[in-house]
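K.L.:
I'd like to go over a predicted model; first the sequence, then the structure.
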Amino acid sequence: MQDSTLGERGRGSGDIDWRAIEDSPEFQELVRRRRAFLVPATIAFLGVFFAYLVLFAFAPGVMGTQLTDGLPLAWLGSMAQVLLTWIVAWAYLRYADRVLEPLERRAAEAVLERSSR
């Protein structure tokens with residue numbers, strides 16, 4: 001499927017200067033802003049995930065602690081992992097819609113403007 005922003009010019013890869021797009025300030029800002037969200041989110045998610053795995057592997061007594069009758073801490077940790085996955089996905093979609101999409105449009109418009117000259 002073809003992105004309508006690029007129109008007919010985007011159909012053949014020979015008429016697009018990918019290096020110029022990559023070097024453009026608009027695209028660089030898009031990459032920087034995307035990375036500014038993804039790196040901390042990934043570190044936080046993996047930190048919590050690996051902490052859970054380490055506790056599960058090396059502290060089974062802690063993970064077996066009963067919070068109430070029949071509800072071990074391990075179950076709560078598992079559900080927290082599922083919830084954290086949904087929260088990170090929701091936060092990224094929200095960030096992408098509000099921040100990244102306008103930057104994508106601006107970068108595409110700048111490329112079209114430069115290529116029409």
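P.N.:
Perfect, thanks for sending it. Values in this document were obtained by computation on a predicted structure and should not be read as measured data.
K.L.:
for Leu67, which three-state class applies?
P.N.:
Here Leu67 is strand, with the state taken from DSSP: H, G, I helix; E, B strand; the rest coil.
K.L.:
tell me the contacts of it?
P.N.:
Leu67 is in contact with 73, 76, counting by Cβ atoms under 8 Å, 6 or more residues apart in numbering. Just so you know, the C-beta spots here come from the backbone N, C-alpha and C atoms, and that holds for glycine as well.
K.L.:
next one: it from Val82, what distance?
P.N.:
Distance of Leu67 to Val82, computed by Cβ to Cβ, to the nearest Å: 17 Å.
K.L.:
ok, Gly47 next?
P.N.:
Gly47 is 17 Å from Val82, by Cβ to Cβ.
K.L.:
okay, now the unreliable bits of the chain?
P.N.:
Counting by pLDDT under 70, the chain has low-confidence residues at 1-14.
K.L.:
would you map the strands across this structure?
P.N.:
Residue ranges of the strands in the chain, as given by DSSP state E, are 66-68, 71-72.
K.L.:
how about Arg114: what's its closest non-neighbour residue?
P.N.:
Spatial nearest neighbour of Arg114, excluding adjacent residues (Cβ to Cβ, 6 or more residues apart in numbering): Ala20 at 7.0 Å.
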